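Novice: All I have is the shape, not the residue letters:
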Ligand SMILES: [Zn+2]
């Protein structure tokens, strides 16, 4: 019987060093990392990761989409392991921590257990998912999505990058098309430590939070049809201005999201005037809407209020507005037992100027888990670490 460990501490200096060791694969002059999935730098970090896992006594295997699984045996091998991990690929202007923290923290957990001579009841499996970032191949998180059955392996293997290279060809070029069919490695739970991708923890002066849910998402494609007319000769009361109508919709979206806040956000991130001209009143605009909440009832209310507001604006301004819901992802709620029992996590103190770039992983954004911003397709549970 293994000894019962209480408040077992990781070696934070060793984790810090390990993170910086991987940062040399794809290092950029200003201290960031450019390590696109399945490229030569990704191969280097994967080779390093495999070697480090094997040195820690883990058995490494790779699935048909290149996701890496490093297994530490448990006392009861009839039970599926607990998965720990994240990803080692980065955005083109990525940082040292996004994804890397979760993968290498998992390795640190295993090293700590090894040092303490602890055998766990169930096995532990560290996972490095292929292409979580989605910057070279779309969609993001494609290998983990295939793992839970959202895509077939063949579908993902045929996806191409901007140069026309398929995922399958890229896997072969770095030698990481594994033999195990996707989904073969079962996991009972999945725990991911991740840097925060929003500003909330930083603004509140906190170092870590526990993700209790993934936001639900509503994506709409919208179109406004008014009437193009002369900017000089059309009196204001007789206009059917698509852009002025969109302006009202933008403000309506903002106030509706605020009304249902703080657990609601709404964004109009794209708008294209069909035939823009300085002296023509815009007659047609295509636009998108993105609404999110981790509460299904709030999502329904956002949809209802938005449609009502848009109908009112369209009638008053005598324009036609069509709204198509093109994606509806319900919220995901994580295992409340694990989410309610976070253990203290010791990370090195970090002090640098703050950074607001979404994908940046500069040190100002580390040492915290995400609060709620990752949109995940995985149906397996994901929580901040409890180990
Ligand atoms: Zn990430």
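Specialist: On my side now, so go ahead. The model shown is predicted, which means the values in this text are computed figures rather than measured ones.
Novice: all contacts plus neighbour counts: C-alpha atoms, from now on.
Specialist: Noted.
Novice: My read is that residue 264 contacts residue 293, right?
Specialist: Yes: the pair residue 264 / residue 293 is scored as a contact, 4.7 Å apart, by Cα atoms under 8 Å.
Novice: ok, residue 179 - how many residues close by?
Specialist: 12 (other Cα atoms under 10 Å).
Novice: about what we covered before: between residue 264 and residue 293, which contacts overlap?
Specialist: Residues touching both residue 264 and residue 293 (Cα atoms under 8 Å, 6 or more residues apart in numbering): residue 299.
Novice: the more surrounded of those two?
Specialist: residue 293 (28 against 20).
Novice: Tell me the bridge partners for the more buried one.
Specialist: residue 216 (DSSP bridges).
Novice: Contacts only, for it.
Specialist: Going by Cα under 8 Å, 6+ apart, residue 293 touches 215, 216, 217, 263, 264, 265, 299, 331.
Novice: Report the buried members of the residues you listed.
Specialist: 215, 216, 217, 263, 264, 265, 299, 331 (16 or more other Cα atoms under 10 Å).
Novice: show me what contacts the residue of the stretch 51-200 of the chain found nearest the ion?
Specialist: As assessed by Cα to the ion, the ion sits closest to residue 99 within the stretch 51-200 of the chain, at 4.0 Å. The contact partners of residue 99, taken as Cα under 8 Å, 6+ apart, are 86, 87, 88, 89, 90, 194, 195.
Novice: What does the pLDDT read for the first one?
Specialist: Yep, that's residue 86 we're talking about. pLDDT for residue 86: 97.
Novice: Farthest-apart pair in the buried ones among the contacts of residue 293, please.
Specialist: 265 and 331 (13.4 Å; Cα to Cα).
Novice: Now do the buried residues in the one helix or strand residue 203 maps to.
Specialist: Per DSSP states H and E, residue 203 falls inside helix 200-204. Applying a neighbour-count criterion of 16+ other Cα under 10 Å, one finds 201, 202 buried in helix 200-204.
Novice: now stretch 41-52
Specialist: By neighbour count on 16+ other Cα under 10 Å, the buried set for stretch 41-52 is 41, 42, 43, 44, 45, 46, 49, 50.
Novice: Distance to the ion, secondary structure and pLDDT added to those, as JSON lines?
Specialist: Listed next are the buried residues of stretch 41-52 as JSON lines, based on distance: Cα to the ion, whole Å; DSSP: H, G, I helix; E, B strand; the rest coil; pLDDT from 0 to 100:
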{"residue": "41", "distance to the ion": "17", "secondary structure": "helix", "pLDDT": "98"}
{"residue": "42", "distance to the ion": "15", "secondary structure": "helix", "pLDDT": "98"}
{"residue": "43", "distance to the ion": "18", "secondary structure": "helix", "pLDDT": "98"}
{"residue": "44", "distance to the ion": "19", "secondary structure": "helix", "pLDDT": "98"}
{"residue": "45", "distance to the ion": "15", "secondary structure": "helix", "pLDDT": "98"}
{"residue": "46", "distance to the ion": "16", "secondary structure": "helix", "pLDDT": "98"}
{"residue": "49", "distance to the ion": "17", "secondary structure": "helix", "pLDDT": "98"}
{"residue": "50", "distance to the ion": "20", "secondary structure": "helix", "pLDDT": "98"}
